[in-house]
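S.K.: next comes the sequence, and after it the predicted model I'd like to discuss.
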Amino acid sequence: MEITNFNELIEASKLQSTPQRLLFLFAKATALENKVKTAHHSGTVEPVMCVDKLPSEIVSFQALIQEADSISSKWDFVLIGSLSGTNGQPPTSQEADAPLSLMSNNLVNGKDISKYVILDREERQIILA
């Protein structure tokens with residue numbers, strides 16, 4: 001199933017055969033100054049904060065943004081992943097700590113983050129090429 005918006009992501013997580021916990025990593029992009037004009041822009045990306053939630057705890061993308069902004073508004077996009085539960089139970093928040101750390105480390109170290117859904121503040125999907 002191709003995910004193209006936040007509501008599809010939430011619905012897909014609810015349809016999985018095992019209960020899911022969603023992982024959110026909010027990140028900030030910083031453009032590097034380029035003295036030569038090109039169509040290509042470069043910069044760095046750094047994690048700002050992360051949170052995990054059950055799909056049932058999420059009302060809407062706007063509510064998630066408001067909650068995030070109440071902590072820090074210095075983010076540009078959110079990487080979203082999921083963690084599967086076992087024995088009919090969703091993973092706990094403690095079980096989400098290591099995968100959230102891995103998401104953050106992968107982002108900082110330039111590792112593959114293509115398996116995550118990435119949305120900007122306007123809920124537009126960011127596709128990595």
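M.R.: Right, received. Where do you want to start? Residues are numbered from 1 along each chain as shown.
S.K.: who are the packing partners of the lengthiest helix in the chain?
M.R.: Longest helix in the chain, counting residues (DSSP state H): helix 93-108. Helix 93-108 sits against strand 20-31, strand 43-53, strand 77-84, with contacts defined as 3 or more Cβ pairs under 8 Å, 6 or more residues apart in numbering; DSSP states H and E. Using the backbone N, CA and C atoms, a C-beta is placed for each residue, glycine as well.
S.K.: for it, what is the average pLDDT?
M.R.: Helix 93-108 shows a mean pLDDT of 96.
S.K.: name the residues that touch that helix?
M.R.: For helix 93-108, contacts defined as Cβ atoms under 8 Å, 6 or more residues apart in numbering pick out 21, 23, 25, 27, 45-47, 50, 52, 79, 81, 83, 111-113, 116.
S.K.: which stretch among the helices and strands packed on helix 93-108 comes nearest E8?
M.R.: Closest approach to E8 among the helices and strands packed on helix 93-108 (Cβ to Cβ): strand 77-84, 11.4 Å.
S.K.: which strands and helices sit next to that closest one?
M.R.: Strand 77-84 packs on strand 20-31, helix 93-108, strand 117-120, going by 3+ Cβ pairs under 8 Å, 6+ apart.
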